[in-house]
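**Student:** here is the input, now give the coordinates:
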Amino acid sequence: MKLIGMIQRLQIQREPLKVGERPNRRYDPSPLLAVDGLLLTAEGAIGVLDDGGQWIDVHHAGHPRTRHSGGLNGLSIGFTSHYDHMRAYFGRNLPGGIAGENILVEYAEIMSLAEISPRLVIEDDFSGDLVYLTGITVAAPCVEFSQFLAGDDADPEVIKHALQFLHGGIRGFYAALEPGQGEVIIHPGDRLYVPD
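**Tutor:** As a prediction, this is how the structure comes out:
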């Protein structure tokens, strides 16, 4: 297997990050919550805290205001290098994870869909157990996140260019737990691989 990098951060979205009604809808990252572990299920992700508390992610099928899309977006992955790229493009000091992905992985290059599709593997840092992810797709950026990065007063042309910049995986990727696997908890420090 080819090592991509170590998981740096795990988080969930307690509520939708797009708030308000169109045309005044905006991106609000305040519902993001860093967690100590992430329980991966066929229905999506659940954040696990060291004190035993659990928070269900808004993309989990069981969330009361679910944004679950037939299993296509139950889990999301981003890369630290993509944040470096966004910081340079937008000229802002963006915290890692602000795009809302569940798993943030340390990586030095820009990751493409071709490099990580169709399957990823997470190795548990303690047990060495392997977790398989499939259904890797690009997480297309939304207008609200693009405007959040470009600035509230950005004109439509700037937002259009921001959307184009964020497409192709800069915003991140979606994945799902491979069918047939049982529920599993992953932690920061676990490693992400592409199988040979």
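**Student:** partner strands of the lengthiest strand in the chain and their direction?
**Tutor:** Across the chain, the longest stretch assigned as strand under DSSP state E is strand 2-13. Next to strand 2-13 in the sheet, as set by DSSP bridges, lie strand 32-34 (antiparallel), strand 103-105 (antiparallel), strand 191-194 (antiparallel).
**Student:** for the ones you listed, give me CSV that also has mean pLDDT, distance to Gly53 and mean neighbour count.
**Tutor:** The C-beta positions use only the backbone N, C-alpha and C, and glycine is treated the same way. Output for the strands paired with strand 2-13, formatted as CSV (pLDDT from 0 to 100; distance: least, C-beta to C-beta, whole Å; neighbours: other C-beta atoms under 10 Å):
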stretch, mean pLDDT, distance to Gly53, mean neighbour count
strand 32-34, 98, 10, 15
strand 103-105, 98, 19, 26
strand 191-194, 97, 25, 19
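**Student:** please produce JSON lines containing the ones you listed, extended by distance to Ser127.
**Tutor:** Formatted as JSON lines, these follow (distance: least, C-beta to C-beta, whole Å):
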{"stretch": "strand 32-34", "distance to Ser127": "23"}
{"stretch": "strand 103-105", "distance to Ser127": "18"}
{"stretch": "strand 191-194", "distance to Ser127": "12"}
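**Student:** with respect to Ile170, which of those strands lies nearest?
**Tutor:** strand 103-105 (13.6 Å; C-beta to C-beta).
**Student:** in space, what's closest to the spatially most central residue of the chain - neighbours in sequence excluded?
**Tutor:** Closest to where the C-alpha atoms of the chain average out (C-alpha atoms, centre = their mean) is Glu101, at 1.9 Å. Once flanking residues are discounted, Glu101 sits nearest to Gly78: 3.7 Å by C-beta to C-beta, 6 or more residues apart in numbering.
**Student:** which residues does the one you found contact?
**Tutor:** By C-beta atoms under 8 Å, 6 or more residues apart in numbering, Gly78 lies in contact with Gly96, Gly97, Ala99, Glu101, Ile103, Leu104, Val105, Arg171, Gly172, Phe173.
**Student:** name the SS class of the first one, please.
**Tutor:** Classification of Gly96 into helix, strand or coil gives coil, according to DSSP: H, G, I helix; E, B strand; the rest coil.
**Student:** ok, and the closest non-adjacent residue to it?
**Tutor:** Tyr83 is the one closest to Gly96 (C-beta to C-beta, 6+ apart), at 5.0 Å.
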